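K.L.:
Everything below, folded, please.
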Amino acid sequence: MSNEQKSMSIIVTKGSLDWAYPPFILATTAAAMGLPVTMFFTFYGLPLLFKKLDLQVTAAGNPAMKMPMMGGHMGLPNLVTAIPGVDAACSVMMKNLIKKKGVASIDDLREAAVDLEVRMIGCQMTMDLFEYGQEDMIDGIEIGGAATYIECATQADINLFI
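P.N.:
Coordinates of the predicted model:
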């Protein structure tokens, strides 16, 4: 990497459907623009590297987000999010909205990240803590610790925490 070339790093800490979009959209966009990009998946972001994604929306995750419904926008009161099945229903609604609006799936964005040679690092400590192995992860990722990420982050021009 030349001193003139900008680069970006992203710490990915959340693995729900709604929180998976920002890091993958930013990473693939930056990579498509020619920036070297590193993504470090730690704690609850680590499942975004699993071979099989089973992403759900957490209805209580962001009460400010209003879903388009019945000609308007509707949010869920916090009390409703305690009802069993609400997260599953919200996940179905979000997946339908994503498909209807032609937004790429997380699977597609993750595949694009691989194709664009985004460096993806799974946190070794998180893998050890939650008892995951390399066989649980997609091909082509690295396993590394905080020092691996910090080495990259100290050289990056843009560092994001998502």
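
K.L.:
hey, where'd the helices end up in the chain?
P.N.:
For the chain, applying DSSP state H gives helices covering 17-32, 86-100, 106-115, 124-129, 146-153.

K.L.:
And the last one, what's buried?
P.N.:
Neighbour counts over helix 146-153 (16 or more other Cβ atoms under 10 Å) mark 148, 149, 152, 153 as buried. Quick note: C-beta positions are derived from backbone N, CA and C, even for glycine.

K.L.:
Can I get the helices of the chain in CSV including distance to residue 56 and mean pLDDT?
P.N.:
Shown next, in CSV, are the helices of the chain (distance: least, Cβ to Cβ, whole Å; pLDDT from 0 to 100):
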stretch, distance to residue 56, mean pLDDT
helix 17-32, 6, 96
helix 86-100, 4, 78
helix 106-115, 12, 96
helix 124-129, 19, 97
helix 146-153, 26, 96
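
K.L.:
mind checking which of these is nearest residue 41?
P.N.:
Among these, the nearest to residue 41 by Cβ to Cβ is helix 124-129 (7.8 Å).

K.L.:
in terms of contact, does residue 132 touch residue 43 like I think?
P.N.:
No - the pair residue 132 and residue 43 does not pass the contact test of Cβ atoms under 8 Å, sitting 11.9 Å apart.

K.L.:
Could you tell me which residues touch both of those two?
P.N.:
Shared contacts of residue 132 and residue 43 (Cβ atoms under 8 Å, 6 or more residues apart in numbering): residue 126.

K.L.:
Tell me the spacing between the nearest residue to residue 8 once chain neighbours are set aside and residue 141.
P.N.:
Leaving aside its sequence neighbours, residue 8 sits nearest to residue 158 (Cβ to Cβ, 6 or more residues apart in numbering; 4.1 Å). Distance of residue 158 to residue 141, computed by Cβ to Cβ, to the nearest Å: 21 Å.

K.L.:
quick one, which of these two is more surrounded?
P.N.:
Neighbours per residue, other Cβ atoms under 10 Å: of residue 158 and residue 141, the larger number sits with residue 141, 17 against 14.

K.L.:
My guess is the more buried one contacts residue 120. True?
P.N.:
Yes - shown here, residue 141 and residue 120 form a contact pair, counting by Cβ under 8 Å, at 4.6 Å.

K.L.:
picking up where we left off before, show me what contacts the residue nearest to residue 8?
P.N.:
By Cβ under 8 Å, 6+ apart, the contact list for residue 158 reads 6, 7, 8, 9, 30, 35.

K.L.:
Would you mind measuring from the residue positioned nearest the centre of the chain to residue 5?
P.N.:
Geometric centre of the chain, nearest residue: residue 20, 2.9 Å, by Cα atoms, centre = their mean. As judged by Cβ to Cβ, residue 20 and residue 5 stand 27 Å apart.
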